[in-house]
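> Here is a sequence together with a model predicted from it:
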Amino acid sequence: MRPSVRVITGIRRGELPSPSQSDKPKRVLRTEEISKLLAATATTYTPIVTLLAWSGLRVSESIALRWCDIDFVDGMCRVEGQLPALKRRERPRMVNPKSKRGLREVPFLPAVTAALERHLGSELAAGRGQADDFVFATRTGRP
């Protein structure tokens, strides 16, 4: 019988504090660090990296966004759920956020709005970018 990972590492679930219980200060990127990160990011990923860096959204919340969730007039998005990890050929499905506070409206900085506007232009030129389409999707429309 092969030992489980928990036995090998000697750490059982619940023995380590969760990030929300930690007293250690959270590390936040400085403006210069975000600029360097974006400069080093492939253009394909610049829109989502920009959103993640400046909004504080979770990756699962960001990839669940549809264009109808983006409000360019008010410069914000509505977070109404998240996508769980998908298995091959599994259809994307929305699940509830991790907490009730996860349902929220998140304002954008002008840099995020500009990146999303450019991304929408590219998506529309490629025949995607309709209201129900995922903001961050592959060429086949999968998140």
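Received, thanks. Numbers count the residues shown, from 1 in each chain.
> Residues contacting the longest helix along the chain, please?
Criterion DSSP state H: the longest helix present in the chain is helix 110-125. With CB atoms under 8 Å, 6 or more residues apart in numbering as the test, helix 110-125 has contacts from 46-47, 50-51, 54-55, 67, 70, 72, 75, 108, 129, 133, 135. Using the backbone N, CA and C atoms, a C-beta is placed for each residue, glycine as well.
> Report the distance from that helix to the chain centre.
On the basis of CA atoms, centre = their mean, to the nearest Å, helix 110-125 sits 16 Å off its chain's mean C-alpha point.
> before we move on, what about stretch 82-98?
Per CA atoms, centre = their mean, the displacement of stretch 82-98 from the mean C-alpha position of its chain is 13 Å.
> Give me the mean pLDDT for it.
What stretch 82-98 shows for mean pLDDT is 79.
> ok, now stretch 135-142?
pLDDT averaged over stretch 135-142 gives 83.
> May I have it exported as CSV, CA atoms only?
C-alpha atoms of stretch 135-142 as CSV (Å, rounded to 0.1, in the frame of the first residue of the first chain):
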residue,chain,number,x,y,z
VAL,A,135,-14.0,37.8,-21.0
PHE,A,136,-10.9,35.6,-20.8
ALA,A,137,-11.4,32.6,-23.1
THR,A,138,-9.6,30.5,-25.6
ARG,A,139,-10.3,30.7,-29.3
THR,A,140,-13.0,28.1,-28.8
GLY,A,141,-14.7,30.2,-26.2
ARG,A,142,-13.7,28.1,-23.2
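> which among the contacts of helix 110-125 end up buried?
Buried subset of these (neighbour count, 16 or more other CB atoms under 10 Å): P47, T50, L51, W54, S55, W67, I70, F108, G129, D133, V135.
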